[in-house]
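Peer 1: next come a sequence and a model predicted from it.
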Amino acid sequence: MPLRLAFAVGFLALALLAALQPWLRFVLTLALATGLAVLGIMMLLRAGQVSFGHALYVAVGAYTIAFARPQLDDVLLLLAAAVLAAVVAGILVGLFVSRYRDIFFGMLNLAFSMVVYSLLEKLYWLTRGTDGIRVARPRLFGVALEGARYEWALFALALVCVAIAAALVARYLRAPAGEALSALKTRETRLEFAGVSARRVLFQAYVVSAGLAGLGGGITALATLHVTPLLVYWTHSGELVFVAILGGTANVLGPFLGAVVFELVRVHAAAAFPDAWQMILGLVLLGIVLLAARGLVGLLEELGRWWGRRV
């Protein structure tokens, strides 16, 4: 199935789910926000690098929303501020971590994220510590929205952000910079001999991935209207990496497919088995990973080829 058609079918399916089950609007909005952050991690995985601290930029985007909300009263301005703050943070950290590879790259990202987590907990006068910060519901294009209207508007905006981000990342991965990113995984020395700076290639991708995570964090803050230091905790970063593996890195559809499946399984497992939902979630996701070595996208591609032979 062509990528554009797959996204169109996916968007229609999500909209139908949100219409049939209103409570799913919130869950699916969070899933799309997670997918944006995972899309950035997928870019780094193309280069053979894993960030175990990318929740840092999710938190930067979310806390930017919380801090900027008293001055800004429009969803689009707040999201722009969240992306800008995450990009600036990505530049500052990326200048350092882009020098390193493999386990050093992953653990340095983890170290930076845990430093920020500690600061968010300790600076109570600024961040309210583990209590977090409440976010007042903003306007959209100057219109005050309440209840279901706000949820629908934010869900639709998240879909638009996903479509734009996925299209731009897909184009980036097909461009020379994206091809160089893939070459960095196995042919970094040849890349340098060809006159292409591997460090610059990784740095550019890192900054883009930080911006995507910041956008996801901003949408999360606008959906929950509450931000806490748990957004940057190491378990959240691990969750993002797991979703990236679950969805697959074959194309830009993977992060969003993985995020939606992850959130739906988690919600239904918690509802059906309140005392053992973590175990159920783990077993279901473990089964998916074992049966689909290339992620859910790879599984869909295999099913598509099988169906094509059948018909």
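Peer 2: Looks like it came in fine.
Peer 1: every contact and neighbour count from this point should use C-alpha atoms.
Peer 2: Noted.
Peer 1: which residues in the stretch 101-250 of the chain form strands?
Peer 2: Counting by DSSP state E, counting those that start in this stretch, the stretch 101-250 of the chain has strands at residues 133-134, 226-227.
Peer 1: which of the ones you listed sits closest to A205?
Peer 2: For A205, the closest of the strands of the stretch 101-250 of the chain is strand 226-227, at 26.7 Å, according to CA to CA.
Peer 1: what count of nearby residues applies to P176?
Peer 2: 11 (other CA atoms under 10 Å).
Peer 1: in a markdown table: the strands of the stretch 101-250 of the chain, plus mean neighbour count, distance to M43 and mean pLDDT.
Peer 2: Converted to a markdown table, the strands of the stretch 101-250 of the chain look like this (neighbours: other CA atoms under 10 Å; distance: least, CA to CA, whole Å; pLDDT from 0 to 100):
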| stretch | mean neighbour count | distance to M43 | mean pLDDT |
| --- | --- | --- | --- |
| strand 133-134 | 17 | 31 | 94 |
| strand 226-227 | 22 | 26 | 94 |
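Peer 1: which helix or strand contains the residue nearest the centre of the chain?
Peer 2: In the chain, the centroid-proximal residue (CA atoms, centre = their mean) is A37; its distance is 1.6 Å. A37 belongs to helix 24-46 when assigned by DSSP states H and E.
Peer 1: ok, now L281?
Peer 2: helix 277-291.
Peer 1: dump the strands of the stretch 101-250 of the chain to CSV, plus distance to A244.
Peer 2: Below are the strands of the stretch 101-250 of the chain laid out as CSV (distance: least, CA to CA, whole Å):
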stretch, distance to A244
strand 133-134, 29
strand 226-227, 23
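Peer 1: flag the helix or strand of the protein with the lowest per-element mean pLDDT.
Peer 2: Lowest on mean pLDDT, DSSP states H and E among the helices and strands of the chain sits helix 3-20, with a mean of 60.
Peer 1: what average pLDDT does stretch 170-190 get?
Peer 2: Stretch 170-190 shows a mean pLDDT of 81.
Peer 1: could you do stretch 285-305 as well?
Peer 2: In the prediction, stretch 285-305 has an average pLDDT of 72.
Peer 1: indicate which one of the strands of the stretch 101-250 of the chain is closest to I41.
Peer 2: Short answer: strand 226-227, nearest of the strands of the stretch 101-250 of the chain by CA to CA, at 21.8 Å.
Peer 1: just checking: what are the partner strands of the closest one?
Peer 2: Strand 226-227 pairs in its sheet with strand 133-134 (antiparallel), by DSSP bridges.
Peer 1: give me the contacts around the partner strand.
Peer 2: A66, T127, L225, H226, V227, T228 (CA atoms under 8 Å, 6 or more residues apart in numbering).
Peer 1: counting neighbours, what do you get for the nearest residue to L173 once chain neighbours are set aside?
Peer 2: Using CA to CA, 6 or more residues apart in numbering and skipping the chain neighbours, the partner closest in space to L173 is E179 (6.3 Å). Residues lying near E179 (other CA under 10 Å) number 15.
Peer 1: got it, and V265?
Peer 2: With other CA under 10 Å as criterion, V265 counts 18.
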